[in-house]
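*Asks:* A structural model of the following input is requested.
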Amino acid sequence: MRKSLLLTALTGAATLAATFYANAQPYGGGPAGGGYGHGYGMMGYGFGPGPIGLIIMAVVLIAIIVGVVWLVRSLAAPHAHYLAPKRSAGLDVLEERYARGEVPREEYLEKKKDILG
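*Replies:* Coordinates of the predicted model:
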């Protein structure tokens, strides 16, 4: 659920970034580079979304990069809560001795309690 939500957010951010990039092209974003007014862009004032649009595009691009890095790390690294807890080597030896009948039940339970704390 969490990863599908992240993937949806990243897809939306990529679409938004592509839209800003398309609008930031010289001469507007229409077919054959046509825009409105004279000169560059809409009404002849420079290009595309201007400095605020470029800042938003940079923030979206950084968010995409951070999201991809987080996703790769979360998929690649094993999580501690998925791993079985490590067993004590002493407990393994005690269980083997109990299974062979070398240790009586009362002694086994007492030592097991001591080992597990």
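*Asks:* Could you list every helix and strand in contact with the helix or strand harbouring Leu54?
*Replies:* Under the criterion of DSSP states H and E, Leu54 resides in helix 50-76. Applying 3 or more CB pairs under 8 Å, 6 or more residues apart in numbering; DSSP states H and E, one finds that helix 50-76 makes contact with helix 2-23. C-beta coordinates here come from the backbone N, C-alpha and C atoms, glycine included.
*Asks:* Can you report how many residues neighbour the closest residue to Lys111 other than its chain neighbours?
*Replies:* Leaving aside its sequence neighbours, Lys111 sits nearest to Leu94 (CB to CB, 6 or more residues apart in numbering; 5.5 Å). Neighbour count for Leu94, taken as other CB atoms under 10 Å: 19.
*Asks:* you'd agree Leu94 is up against Glu110?
*Replies:* No. Using CB atoms under 8 Å as the test, Leu94 is too far from Glu110 to be in contact (10.3 Å).
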